[in-house]
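>>> Sequence first, predicted coordinates after that:
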Amino acid sequence: MSSLGRGCPAVMPLLTWLEQTSSTLSEAYYQPSLTAEYDEDSPGGDFDFFSSLVTKWEAAARLPGDSTRQVVVRSGVVLGRAGGAIGHMLLPFRLGLGGPIGSGHQFFPWIHISDLVGILAHALEARHVQGVLNGVAPGPTTTNAEFAQALGAALGRPAFIPLPSTVVKAIFGRERAIMLLEGQKVVPRRTLATGYQYSFPKLGAALKEVVA
């Protein structure tokens, strides 16, 4: 969970008291599904360990009283140059050994790190923003297989060697493997309605910037 302030250090404690922005994981909060579509008003947070953990994170970040404007950003997989998800993927993909995880049919909600930071800043600066925002790219929604193909294309490498689900479970354990093998179709309906303008709405451009 992360918080973001603005302005000079002297006013940050006051801003923290007046308005709070925190970030949790959309792919952990919403229940995995190959058919359901989730926006900020969709239920979740109570079906397994990680979803319950996100619920507790959000509850811990919540301040009492109605006078405090509060925003929770549920982020997808964050794409950036400094490690993270891409950091673990680059070597096998550069070697031409990348590919989809499991079936590859599961949805893969993602966001460029510039947009995640942009949404957090937007939530702090725009006084009308409150409640839950889905910090994911605006679409079209991407499957794991489509993501693998796009990353391979950005690197100029093939990406057709799948990582079997049994291997994923053996490496990451059952609970963490679920987050990789089962995805969710998450849409940023309220995020767009607040007026936020994405810098990287399309996967191809986002990946090219990350791997450049």
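Great, that's in hand.
>>> for the residue positioned nearest the centre of the chain, phi and psi?
Computing the C-alpha centroid of the chain and ranking residues by CA atoms, centre = their mean puts residue 76 first, at 1.1 Å. When read as degrees, to the nearest 10, the backbone of residue 76 gives phi -90, psi -160.
>>> That one contacts residue 112, doesn't it?
No. Distance between residue 76 and residue 112: 10.0 Å, which falls outside the contact criterion (CB atoms under 8 Å). Using the backbone N, CA and C atoms, a C-beta is placed for each residue, glycine as well.
>>> anything in contact with each of those two?
When contacts are counted by CB atoms under 8 Å, 6 or more residues apart in numbering, residue 76 and residue 112 have residue 137 as shared neighbours.
>>> follow-up on the earlier one: in contact with the residue nearest to the centre of the chain, which residues are there?
With contact set as CB under 8 Å, 6+ apart, residue 76 has these partners: 26-27, 108-111, 134-137, 186.
>>> Just the buried residues out of those residues, in PyMOL syntax.
For selection in PyMOL, the members of the contacts of residue 76 meeting the burial criterion (16 or more other CB atoms under 10 Å) are listed in this command:
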select buried, resi 26+27+108+109+110+111+134+135+136+137+186
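>>> Could you tell me which of the contacts of residue 76 belong to strands?
When those are checked against strands using DSSP state E, the ones located there are 110-111, 134-135, 186.
>>> can you name the two of the residues you listed that are farthest apart?
110 and 134 (11.7 Å; CB to CB).
>>> In contact with the residue nearest to residue 37 when sequence neighbours are not counted, which residues are there?
Leaving aside its chain neighbours, residue 37 sits nearest to residue 185 (4.7 Å; criterion: CB to CB, 6 or more residues apart in numbering). Residue 185 sits next to 33, 35-38, 107, 109, 141 when contact means CB under 8 Å, 6+ apart.
>>> Closest one to residue 96 out of the residues you listed, please.
When the contacts of residue 185 are compared for distance to residue 96, the smallest value, 25.3 Å, is given by residue 107; criterion: CB to CB.
>>> what's the burial count for the closest one?
Number of residues near residue 107 (other CB atoms under 10 Å) recorded here: 27.
>>> Which residue comes closest to it once chain neighbours are left out?
Residue 107 sits nearest to residue 183 (CB to CB, 6+ apart), 3.7 Å away.
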